[in-house]
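Novice: Predicted model and sequence follow; I will ask about them next.
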Amino acid sequence: MFKENDCRKCHDPLKAKAGPSLKKIAEKYKGKADGEQKVLRQMTQGPRIKLDDGKEEDHKILDTKDPKVLKNVAQWILSQ
């Protein structure tokens, strides 16, 4: 799902690109009661985000509505 939705365009597992690395996202949300929900929100609601270069845009929404797939992606990100 991560590859299919071109998430690597902005996110790398270890280094920052236009968006934060998956490791940085995991560090921010892992272990928090609402961490998974916050990651899911980014992937499903397309909130306005500020990129490292200062530009703002809507976050891409993943091309699935399957809650199991979305939860799996969120948990994978948090495991980084």
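Specialist: In hand now; what should we look at?

Novice: Quick one: the strands in this structure, in order.
Specialist: Here the chain has its strands, by DSSP state E, at 48-50, 56-58.

Novice: which neighbours does the worst-scoring helix or strand of the chain on mean pLDDT have in its sheet, and in what orientation?
Specialist: Of all helical and strand segments in the chain, the minimum by mean pLDDT, DSSP states H and E falls on strand 48-50, at a mean of 91. Counting by DSSP bridges, the strands paired with strand 48-50 are strand 56-58 (antiparallel).

Novice: and the strand it pairs with, average pLDDT?
Specialist: Averaged across strand 56-58, the pLDDT comes to 93.

Novice: chain center to it, what's the gap?
Specialist: 14 Å (CA atoms, centre = their mean, to the nearest Å).

Novice: Please list the outside residues in contact with that strand.
Specialist: With CB atoms under 8 Å, 6 or more residues apart in numbering as the test, strand 56-58 has contacts from 46, 47, 48, 49, 50, 51. All C-beta spots, glycine's among them, are computed from the backbone N, C-alpha and C.

Novice: list the buried ones in that strand?
Specialist: Neighbour-count burial for strand 56-58, counted by 16 or more other CB atoms under 10 Å, picks out no residue.
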